[in-house]
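Participant: for reference, the sequence and a predicted model appear below.
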Amino acid sequence: MKNSIDRKQFLKQFGLIGVAAVGASTILTACGGGAETETAAAVDPCKDTSGLTEQDLAMRTNLGYVETSEIADQHCSNCQLYKKPENGGCGGCLLFNGPVTAEGWCNSWVINQG
């Protein structure tokens, strides 16, 4: 009695396992692999930076922008550089592109004199 598997059978079984693994990963991805990111952006467009360039993102990072200030009296909505939202949308900043939350902060914060 022969207990060993020949090369042809091995390759056939190995191929089936590979196809099954690829199929399973495709199904799992299709069932919600990227849904969380899309849902988060749909819930709060003021935190969606997907349309920004690498340079825009680098500028935000270099200025230390955060979506929620840790300093009680310093936040974007009372900063001189903050652009107030139009039509209930997101605010902006004179120093960098992209949406800005009213509760945010960066290291260029300056009190609004107006």
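Facilitator: Done, it's in. Residues are numbered from 1 along each chain as shown.

Participant: and residue 92, what does it touch?
Facilitator: Contacts for residue 92 (Cβ atoms under 8 Å, 6 or more residues apart in numbering) come out as 82, 83, 85, 98, 99, 100. (Glycine included, C-beta is placed from N, CA and C.)

Participant: top of those residues by neighbour count?
Facilitator: In terms of neighbours by other Cβ atoms under 10 Å, the contacts of residue 92 top out with residue 100 at 27 neighbours.

Participant: quick one, strands of the protein?
Facilitator: 82-83, 92-93 (DSSP state E).

Participant: what does the first one rub up against?
Facilitator: Here strand 82-83 makes contact (Cβ under 8 Å, 6+ apart) with 76, 91, 92, 93, 94, 100, 102, 112.

Participant: ok, back up a step: from the contacts of residue 92, pick the one nearest residue 52.
Facilitator: Among the contacts of residue 92, residue 98 lies closest to residue 52 (Cβ to Cβ), at 4.9 Å.

Participant: quick check: the closest one touching residue 58?
Facilitator: No. With contact defined as Cβ atoms under 8 Å, residue 98 and residue 58 do not form a contacting pair (11.6 Å).
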